[in-house]
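Asks: Fold the following for me, if possible:
(chains A and B)
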Amino acid sequence: MSGAGSTERTFLRMALGHPAFVIGFVLSAVFVALALISFVWTPFDPTRLSIATKLQTPSLHHWFGTDHFGRDMFSMIMVGARVSIAVAFIAVGIGMIVGVPLGLYAAARRGSFIDEIIMRGNDLVFAFPSLLLAIMITAVFGPGAVNAIIAIGIFNVPVFARLSRGAALSLWTRDFILAARVAGKGAARISAEHILPNIANLLIVQGTIQFSLAILAEAALAYVGLGAQPPLPSWGRMLADAQTLISLAPHMALFPGFAIIITVLGLNLMGDGLRDLFDPKLRRER
Amino acid sequence: MTAYLLRRFVSLSLSLVAASLVIFLVMEVVPGDPASFMMGINADPEAVAALRLQMGLDEPLPLRYLGWVAGLLQGDFGVSYTYRVPVSELISERVMISLPLTLYALALSTLIAFPAGIIAAARRNSAADLSVMGATQLGVAIPNFWFAMILVLIFAVNLRWVSAGGFPGWDAGFVPALKALTLPAIALALPQASILARVMRSSLIDTLDEDFMRTARAKGLSRGQALWRHALRNALIPVLTIIGLQFSFLLAGGIIIENVFYLPGLGRLVFQAITQRDLIVVRSVVILLVFAVIVVTFLVDLAYAAADPRLRRHRR
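Replies: Residues are numbered from 1 along each chain as shown, chains lettered A, B, ... in the order given. Okay, here's the model as predicted:
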């Protein structure tokens, strides 16, 4: 027990000494915090229209200014963070929950017909640019946050299926897996008890990267009107609103853009940091 | 090599068939049936029936699929419900904007990424390397449509160097047309250039650490000569793959950027078709883009095989 504790403590110390990870973590944490706080408090009601105070530049009263309907931009960005993070989180979750078992199954039955079907299916989804998939889904089922989640989620499935299959394949040749097979464990149990914990690091790193891609995808979909629908504020929609007013009120474009950039940058830095932090540990285990 | 080509070709054909099936089926599951979906709730039943007949919706599903594919193979995408013209006409007009835009962005991305990646790899951990890496980190985090808006703000609104959007058409001359595509291409290229520069850097660094590089230096080549003659060629293989993949990102990403600049390309077409519920146009644009992506990926695979000496040896 004390051994496990000290490993965790070493990892924490290493993490705190890794500048990219720390910066990334702080940046991401700020937006997660903003999203959580928005459930209980925002400076203004983000849906309240007030034409008298429209298009105000940033001030002490309205930190990020107001939009063309007089809505407080800072409050909108707080609630927008909630939408972005929720959509990205669920979409990546779908990708993991569907993709990882598929990949593990394909690896356990490598070379079989099922393996071939799973991998070809993955190739097919990969061939669809995710945006086109989203467009098709929304063309048929209508725009909305749920359809954005499904579109982004489907695209995440092959990412995790491929990653876990590749990583699991190399693990299947290792001695400790052989030992587990000799001990009479079935493929499903070995995958769950031995393979999954050993590829968890990889999945976390990839999950962070996919999370940032999902936030960008959600923003793009919302920007073209295929994401969350009004009155729910979303970063992409705010940018779409800002576009026609760009010469009149550039602040309307700047702040939602910064929100996206900082969140994505934070997640990417965190992902890179995690990869570095996990890597030496993996090497030591070998 | 022949067996390899054959195998790749079979897999290409299967992908195309599977993709067409998926697209066909997705469009079939619209609430109600496609005809009443397209005409809306208050449509005249007779008009719906006429559209059903025109779309051949009374035929069985497999027959309809085969008919559609047979049409596609002859370049017949069907007739747009809103524009009342053959979809192939609409598409061929719009492709003349979307394709040049994609290629322009691809060229820009490569032109930016190669020097950046090479400098970063050649001077690893130097200030130049760190600035390239920092810039690329930022480049992948910036949404390209936001970057596009900022470009418009700076170069169109403030400096007035270019117009904020629209397209004069290729008839207006090559230079004005290219000028209209320049900001969109830059916006589109930025994130891809960042990714490509990173791949170029890490691929080149891997190659520089190889034994044959030490041999090249030992036989008297300078660092620069060894880099140009030996490292770059070997490092290019993964870079090529990424360039191929980027084609699909740029083609799809172009859909969004076209909307920022009001360029009448495939992207504008597909979004207008969505609001007008013109499923025939949506379906056609989607399948065209997906086919383009699959075929380009196939070609990249071939290029990869041609560039990799291990595959070439099998041919002998």
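
Asks: I'd like to know how many residues surround the residue of the stretch 51-200 of chain A found nearest chain B.
Replies: The nearest approach of the stretch 51-200 of chain A to chain B comes at residue A:129, 3.3 Å away (C-beta to the nearest C-beta). Every C-beta, even on glycine, is put in place using the N, C-alpha and C of the backbone. For residue A:129, the neighbour count with other C-beta atoms under 10 Å in any protein chain shown is 22.

Asks: Look up how far residue B:83 lies from the nearest residue to it once chain neighbours are set aside.
Replies: Distances taken as C-beta to C-beta, 6 or more residues apart in numbering or on different chains place residue B:252 nearest to residue A:129, at 3.3 Å, with adjacent residues excluded. Distance, residue B:252 to residue B:83, by C-beta to C-beta, to the nearest Å: 23 Å.

Asks: ok, now which ones touch the residue positioned nearest the centre of chain A?
Replies: Nearest to the centroid of the C-alpha atoms of chain A, with distances taken as C-alpha atoms, centre = their mean, sits residue A:211, at 1.4 Å. For residue A:211, the contacting residues are A:88-89, A:92, A:267, by C-beta atoms under 8 Å, 6 or more residues apart in numbering or on different chains.

Asks: try it again with 6 Å
Replies: With contact set as C-beta atoms under 6 Å, 6 or more residues apart in numbering or on different chains, residue A:211 has these partners: A:88, A:92, A:267.

Asks: With secondary structure and neighbour count as added columns, please give these in JSON lines.
Replies: Shown next, in JSON lines, are the contacts of residue A:211 (DSSP: H, G, I helix; E, B strand; the rest coil; neighbours: other C-beta atoms under 10 Å in any protein chain shown):
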{"residue": "A:88", "secondary structure": "helix", "neighbour count": "28"}
{"residue": "A:92", "secondary structure": "helix", "neighbour count": "27"}
{"residue": "A:267", "secondary structure": "helix", "neighbour count": "27"}
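
Asks: Looks like residue A:57 contacts residue A:63 (just checking).
Replies: No - assessed by C-beta atoms under 6 Å, residue A:57 is found out of contact with residue A:63, at 10.9 Å.

Asks: and stretch A:199-206, which residues are buried?
Replies: A:199, A:201-203, A:205-206 (16 or more other C-beta atoms under 10 Å in any protein chain shown).

Asks: cool, stretch B:215-223 as well?
Replies: B:216, B:221.

Asks: what about that stretch, average pLDDT?
Replies: The average pLDDT within stretch B:215-223 is 81.

Asks: Could you tell me the end-to-end distance of it?
Replies: End-to-end distance for stretch B:215-223: 12 Å, by C-alpha to C-alpha, to the nearest Å.

Asks: what's in contact with stretch A:51-70?
Replies: With C-beta under 6 Å, 6+ apart as the criterion, stretch A:51-70 contacts A:49-50, A:72-74, A:245, A:249, A:251-252, A:255.

Asks: scratch that, stretch A:192-200 is what I was asking about
Replies: Residues outside stretch A:192-200 that contact it (C-beta under 6 Å, 6+ apart): A:164, A:167-168, A:171, A:177, A:180.

Asks: just stretch B:265-276 next, same as before
Replies: A:139, B:82, B:94, B:97-98, B:254-255, B:258-259, B:281-282, B:285.

Asks: 8 Å instead?
Replies: By C-beta under 8 Å, 6+ apart, stretch B:265-276 touches A:135, A:138-139, A:224-226, B:80-82, B:90-91, B:94-95, B:97-98, B:101, B:254-259, B:262, B:278-279, B:281-282, B:285-286, B:288-289.

Asks: Sitting in helices, which of those residues do you find?
Replies: A:135, A:138-139, B:90-91, B:94-95, B:97-98, B:101, B:254-259, B:279, B:281-282, B:285-286, B:288-289 (DSSP state H).

Asks: How about the residues of chain A by chain B?
Replies: Applying C-beta under 8 Å from any C-beta of the partner chain, one finds that chain A approaches chain B through A:120, A:123-124, A:127-132, A:135-140, A:212, A:216, A:219-220, A:223-226, A:239, A:242-243, A:246-247, A:250, A:253, A:256-257, A:260-262, A:264-265, A:268-269.

Asks: Show me which of those are buried.
Replies: Looks like those have A:123-124, A:127-132, A:135-140, A:212, A:216, A:219-220, A:223-226, A:239, A:242-243, A:246, A:250, A:253, A:256-257, A:260-261, A:264-265, A:268-269 buried, using 16+ other C-beta under 10 Å.

Asks: does the closest residue to residue A:71 other than its chain neighbours count as helix, strand or coil?
Replies: Once flanking residues are discounted, residue A:71 sits nearest to residue A:46: 6.1 Å by C-beta to C-beta, 6+ apart. Counting by DSSP: H, G, I helix; E, B strand; the rest coil, the backbone at residue A:46 sits in coil.

Asks: Backbone dihedrals for residue A:46, please?
Replies: Backbone dihedrals for residue A:46, given as degrees, to the nearest 10, come out at phi -70, psi -10.

Asks: Any stretches of the stretch 1-150 of chain B with poor pLDDT?
Replies: For the stretch 1-150 of chain B, the stretches with pLDDT under 70 are B:1, B:31-34, B:41.

Asks: What of the stretch 101-250 of chain A?
Replies: If you take pLDDT under 70 as the line, the stretch 101-250 of chain A has no such spans.

Asks: those helices in it, which residues are they?
Replies: A:113-127, A:130-141, A:145-172, A:175-182, A:187-190, A:196-223, A:235-243 (DSSP state H, counting those that start in this stretch).

Asks: contacting residues for residue A:132?
Replies: Residue A:132 neighbours (C-beta under 8 Å, 6+ apart): B:252, B:255, B:286, B:289-290.

Asks: That'll do, ta.
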